[in-house]
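A.B. asks: Sharing a sequence plus its predicted fold:
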Amino acid sequence: MNLQKEYKMRNGQVLQISKANPDDAIRVIKYLNQVGGESDNLTFGENEFSKTVEQEQEFLSDLQKSNNSILILGIIDNRLISVANLSASSKSRLNHLGEIGISVRKSAWNIGVGNAMMEYLIAWAKANQIIRKINLSVRTDNQHAIELYQRFGFVKEGLMTRAMQINGQFYDTLEMGLEID
């Protein structure tokens, strides 16, 4: 699969998606620490990404060698506006099972970025022929995201109560999955 792809967004801008590499470590850390403060739908808050540059470089280097995990960057006009990953275990009994995580900068919501990132990850998983199932967790009150995942064929598989706690309030998450045959 071509690891670089362009998608035209609803607002006419072009989203460039590419596989992250160790040189992207600082950019990814800054992005994650900022985007964590833009939404309560993520598993982390503002400035909660605590990896050092060296740790992130090593993580991205390891991903480059992986045949069943990937981290991708979504860029518009040289600005990082989305990071998404599909990660799976190296254990033979679990290496077919991937988990997706997607974040999008608030300034780029509702223009098709999440859709493009999801499309890319699913296509990558199908092409690599190791991933046979993709799982994800989403807050039960994030209807926009749930509808996006359902459009891609994800089905509801379970409910995790009190999965997140934000400012003393608990939130449930919906567990969703997509089988790849």
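C.D. replies: That came through, no problem.
A.B. asks: Can you tell me the SS state at the nearest residue to residue 130 once chain neighbours are set aside?
C.D. replies: Of all residues not flanking residue 130 in the chain, residue 68 sits nearest, at 4.5 Å (Cβ to Cβ, 6 or more residues apart in numbering). Quick note: C-beta positions are derived from backbone N, CA and C, even for glycine. Here residue 68 is recorded as coil under DSSP: H, G, I helix; E, B strand; the rest coil.
A.B. asks: how close does residue 68 sit to residue 149?
C.D. replies: For residue 68, the distance to residue 149 equals 20 Å [Cβ to Cβ, to the nearest Å].
A.B. asks: swap in residue 133?
C.D. replies: From residue 133 to residue 149 the distance is 14 Å (Cβ to Cβ).
A.B. asks: So if I had to pick from the two, which one is more boxed in?
C.D. replies: Legend: neighbour count by other Cβ atoms under 10 Å for residue 133 and residue 149, higher for residue 149 (23 against 15).
A.B. asks: if I pick that one, what's in contact with it?
C.D. replies: By Cβ atoms under 8 Å, 6 or more residues apart in numbering, the contact list for residue 149 reads 118, 136, 138, 176.
A.B. asks: Kindly recompute the last result at 7 Å.
C.D. replies: By Cβ atoms under 7 Å, 6 or more residues apart in numbering, residue 149 lies in contact with 136, 138, 176.
A.B. asks: for these, which one is nearest residue 25?
C.D. replies: Closest approach to residue 25 among these (Cβ to Cβ): residue 136, at 24.5 Å.
A.B. asks: Can you get me a residue count around that closest one?
C.D. replies: Each residue near residue 136 was counted by other Cβ under 10 Å, and the total is 21.
A.B. asks: List the neighbouring strands of the helix or strand hosting it plus their orientation.
C.D. replies: Assessed by DSSP states H and E, residue 136 sits inside strand 133-139. Partners of strand 133-139 in the sheet, by DSSP bridges, are strand 97-104 (parallel), strand 169-179 (antiparallel).
A.B. asks: Residue 153 and residue 179 touch, don't they?
C.D. replies: No. Under the criterion of Cβ atoms under 7 Å, residue 153 lies out of contact with residue 179, with a separation of 8.5 Å.
A.B. asks: Looking at those two, which is more packed in?
C.D. replies: Comparing residue 153 with residue 179 by other Cβ under 10 Å, the one with more neighbours is residue 153, at 13 against 10.
A.B. asks: Now the more buried one: closest residue in space, sequence neighbours ignored.
C.D. replies: Per Cβ to Cβ, 6+ apart, closest to residue 153 is residue 178, 5.3 Å.
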